[in-house]
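Enquirer: no sequence on hand, only this structure:
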């Protein structure tokens, strides 16, 4: 208990932290004079674009950097004890016991050939001095606390026998089981579905609150920040440029970068509005000596002083600091530099022309273990799907991992053959992948990458192809000077634009985009969303947009198909599906979406979808969602609902569609 007049000391106090990475082309200043503190039980979110220094700062605090990275200067005080002065042996005693960590990819953090029981009991025994029997019981209890069903059985499993959501819960259980005072979570929900993400966030909030554990939460998802954080640190070019309470950051941001980031997020009410605002340009090269404000070349409020002198953090309120020469940041200059163009729905002359028709499509896989002679199991990846795509429209496909979205995309492209059913397409179908870098030959120049489809199909002579390539790169908003570069010389957003250009080379009627924005920063994501919307209007291209980012799907789509366990459970216009969902699963997905508004998030009731997808190996006689549905009845468990018309222009597969 804190008595009146008692001053609470920071749990973590970071002072003037500087971290560098040595490279062949120069030294990268990853963290540049960062200072902040975390109080006991406080949750701090650290946000910013890729390369801003978020993860490097976390690794520097824990002293986990390895060559070529090194902490150059600064102090990190944990309960007044300077971590920078500790030996490696002392650090190993501190990690886990005083500071717990949860990283983005649990599979790379867990030993794939060691059972969960051994991985959990070892640190508990070492840090808490328990016997193996006591540690085993403690581990089972923590698995129960993080929501893993049947923990007594699951603790004996290997990591590869668990889903991504389950593995991340195991990592949280491991991090909290030694009762640390501070938890550092680096992008712990990035690769997870929106429903699993909501579960993980609620687990983190509940368990850290119960144990009064402070948390440093690194993320690029500002919706999660609004849901989870008490305070927010915004990083840009290795520096903290704004630090304030979560309410102040969202309601009254003072740095132009923070203001720009917030404006690039699709709003839940953004349907039929203008294009998303974009942040022009790219972050600076951190190998070069920066003079003045690092954000000035991307800032529409920059003045002469911004080029001469870097601003220091200064007070903008009782608990609010920002590093900007302008007291209000962008202020009235927050108008987009490019002209506003309406993000219209499909209203062209061919809006009723169907160019893709899918009838009763089925794709089943068989699997068997090489360790046994057991009969083969059938995996129903796509099960009786019926869909239509019209010219110039975007069909958004959403659902959790394992629902059949990507299999449906491969079927559309002819990369998989269906077991039964029909797919009729008018014109060519092309693909834009989630990670463009992995789909490009790193030794080919951008010019040759875009030209390749034209060469394969024998389209035109050399001069004609080069003209087409230059036209395409301009169409996606890039300078033709990029054509002679290699993929490794371009940013993620530029590579995704090149992927779109290559997909358009053969003038397809349909482009299938499978998670094209999930690996991008929120600022770059806005650029790609606007690009796809522009191309749809200018070229009449139809897009099949597959994503687990529901706000993005809502913003860009004309129609939406919601998939669950290989089946379409709801299908209709985007505004109707999101504003008035007819299927309980659709409603659960929408309820799980974090809203970038702390005030609204604080008023929302926690409606986490419990459980995980049933195994696609099991044949279910009734509704596939019945095991997780709060409205399920005996009819749902025994009688399978058909996808049928609900209201005027929507279909839903539910006995009690509302």
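Expert: Looks like it arrived, so ask away. Bear in mind that the values here come from a model prediction, so they are computed numbers and not experimental data. Numbers count the residues shown, from 1 in each chain.
Enquirer: following the chain onward from the lowest-mean-pLDDT helix or strand in the chain, which element is next?
Expert: Lowest on mean pLDDT, DSSP states H and E among the helices and strands of the chain sits helix 106-109, with a mean of 78. Using DSSP states H and E, the helix or strand that directly follows helix 106-109 along the chain is helix 116-128.
Enquirer: give me the contact list for that following helix.
Expert: By CB atoms under 8 Å, 6 or more residues apart in numbering, the residues outside helix 116-128 that reach it are 96-97, 110-111, 130-132, 135-136, 138-139, 142-143, 154-159, 162, 170, 173-174, 177-179. (Each C-beta comes from the backbone N, C-alpha and C, glycine too.)
Enquirer: that one: which residues count as buried?
Expert: Using 16 or more other CB atoms under 10 Å as the test for burial, helix 116-128 gives 116-117, 119-125, 127.
Enquirer: what's the answer for stretch 291-301, then?
Expert: 292-296, 298-299, 301.
Enquirer: low-confidence ranges in the chain?
Expert: 1-7, 191, 268-274, 332-351, 367-376, 519, 605-608, 611-613, 615-616, 658 (pLDDT under 70).
Enquirer: centroid-nearest residue for it?
Expert: Nearest residue to the geometric centre of the chain (CA atoms, centre = their mean): residue 190, 4.2 Å.
Enquirer: and that one, which of the three is it?
Expert: coil (DSSP: H, G, I helix; E, B strand; the rest coil).
Enquirer: nearest spatial neighbour of it, skipping sequence neighbours?
Expert: If the residues on either side of it in the chain are set aside, residue 190 comes closest to residue 104, at 5.4 Å by CB to CB, 6 or more residues apart in numbering.
Enquirer: now the residue nearest to residue 37 when sequence neighbours are not counted: how far from residue 437?
Expert: Once flanking residues are discounted, residue 37 sits nearest to residue 10: 3.8 Å by CB to CB, 6+ apart. Going from residue 10 to residue 437 by CB to CB, to the nearest Å gives 40 Å.
Enquirer: on that earlier part again, distance to residue 575 added to the buried residues of helix 116-128, as JSON lines?
Expert: Compiled in JSON lines, the buried residues of helix 116-128 are given as follows (distance: CB to CB, whole Å):
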{"residue": "116", "distance to residue 575": "44"}
{"residue": "117", "distance to residue 575": "49"}
{"residue": "119", "distance to residue 575": "47"}
{"residue": "120", "distance to residue 575": "46"}
{"residue": "121", "distance to residue 575": "52"}
{"residue": "122", "distance to residue 575": "52"}
{"residue": "123", "distance to residue 575": "50"}
{"residue": "124", "distance to residue 575": "51"}
{"residue": "125", "distance to residue 575": "55"}
{"residue": "127", "distance to residue 575": "52"}
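Enquirer: among the residues you listed, which two are most distant?
Expert: Farthest apart among the buried residues of helix 116-128 by CB to CB are 116 and 127. That separation is 17.4 Å.
Enquirer: if we can go back for a sec, isn't the residue nearest to residue 190 right up against residue 184?
Expert: No: contact criterion CB atoms under 8 Å: residue 104 and residue 184 do not qualify, at 11.9 Å.
Enquirer: those two: who's more crowded?
Expert: Taking neighbours as other CB atoms under 10 Å, residue 104 and residue 184 compare with residue 184 leading, 27 against 19.
Enquirer: which residues touch the more buried one?
Expert: Each residue near residue 184 by CB under 8 Å, 6+ apart is listed here: 58, 61-62, 99-102, 215-216, 218.
Enquirer: give me the buried entries from those.
Expert: 58, 61-62, 99-102, 215-216, 218.
Enquirer: now, the residues you listed that are in helices?
Expert: 58, 61 (DSSP state H).
Enquirer: count of residues packed around residue 82?
Expert: Residue 82 has 12 nearby residues by other CB under 10 Å.
Enquirer: please name the bridge partners of the residue nearest to it when sequence neighbours are not counted.
Expert: Distance criterion CB to CB, 6+ apart; nearest residue to residue 82, sequence neighbours excluded, is residue 75 at 5.5 Å. Listed beta-bridge partners, residue 75: residue 15 (assigned using DSSP bridges).
Enquirer: quickly note the distance from residue 75 to residue 35.
Expert: In terms of CB to CB, residue 75 sits 10 Å off from residue 35.
Enquirer: can you list residues touching both of those two?
Expert: 14-17.
Enquirer: one step back: in a markdown table: the buried ones among the contacts of residue 184, plus distance to residue 377.
Expert: Shown next, in a markdown table, are the buried ones among the contacts of residue 184 (distance: CB to CB, whole Å):
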| residue | distance to residue 377 |
| --- | --- |
| 58 | 42 |
| 61 | 46 |
| 62 | 43 |
| 99 | 43 |
| 100 | 38 |
| 101 | 37 |
| 102 | 33 |
| 215 | 41 |
| 216 | 43 |
| 218 | 39 |
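Enquirer: now, among the buried ones among the contacts of residue 184, which is nearest to residue 91?
Expert: For the buried ones among the contacts of residue 184, the minimum distance to residue 91 (CB to CB) is 8.1 Å, reached by residue 62.
Enquirer: show me the contacts for the closest one.
Expert: Residue 62 touches 95, 99, 101, 184, counting by CB under 8 Å, 6+ apart.
Enquirer: which residue is the nearest non-sequential neighbour of the third one?
Expert: By that I understand residue 101. residue 184 (5.1 Å).
Enquirer: next, that neighbour: secondary structure please.
Expert: Per three-state DSSP, residue 184 ends up strand.
Enquirer: how close does residue 509 get to residue 541?
Expert: As for residue 509, its distance to residue 541 is 7 Å (criterion: CB to CB).
Enquirer: higher neighbour count, those two?
Expert: A side-by-side neighbour count of residue 509 and residue 541, using other CB under 10 Å, places residue 541 first with 24 against 20.
Enquirer: now for residue 104 and residue 184: what residues contact both?
Expert: With CB under 8 Å, 6+ apart as the test, residue 104 and residue 184 reach no residue in common.
Enquirer: any figure for the gap between residue 194 and residue 232?
Expert: From residue 194 across to residue 232, the span is 21 Å (CB to CB).
Enquirer: end to end, how far does stretch 228-245 reach?
Expert: 12 Å (CA to CA, to the nearest Å).
Enquirer: quick one: residues contacting residue 637.
Expert: Residue 637 neighbours (CB under 8 Å, 6+ apart): 621-623, 626.
Enquirer: could you dump these to JSON lines with neighbour count, secondary structure and distance to residue 639?
Expert: Shown next, in JSON lines, are those (neighbours: other CB atoms under 10 Å; DSSP: H, G, I helix; E, B strand; the rest coil; distance: CB to CB, whole Å):
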{"residue": "621", "neighbour count": "10", "secondary structure": "coil", "distance to residue 639": "8"}
{"residue": "622", "neighbour count": "18", "secondary structure": "coil", "distance to residue 639": "6"}
{"residue": "623", "neighbour count": "27", "secondary structure": "coil", "distance to residue 639": "8"}
{"residue": "626", "neighbour count": "23", "secondary structure": "coil", "distance to residue 639": "10"}
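Enquirer: straight-line length of stretch 628-645, end to end?
Expert: Using CA to CA, the end-to-end distance of stretch 628-645 comes to 23 Å.
Enquirer: among the buried ones among the contacts of residue 184, which one sits closest to residue 485?
Expert: residue 218 (30.5 Å).
Enquirer: may I have the secondary structure class of residue 568?
Expert: Recorded secondary structure, residue 568: strand (three-state DSSP).
Enquirer: bridging residues for it?
Expert: residue 563.
Enquirer: contacts only, for it.
Expert: Residue 568 touches 385-387, 561-562, 643, 651, 653, counting by CB under 8 Å, 6+ apart.
Enquirer: can you tell me how far it is from residue 110?
Expert: Residue 568 is 35 Å from residue 110, where distance means CB to CB.
Enquirer: again, but for residue 61
Expert: 22 Å.
Enquirer: in terms of helices and strands, where is residue 512?
Expert: With DSSP H and E as criterion, residue 512 is part of strand 510-514.
Enquirer: what angle sits between the very next helix or strand once past that strand and strand 510-514?
Expert: Using DSSP H and E, the helix or strand that follows strand 510-514 in sequence is helix 522-539. Per axes from the mean of the first three to the mean of the last three CA atoms, to 10 degrees, the angle that helix 522-539 makes with strand 510-514 is 170 degrees.
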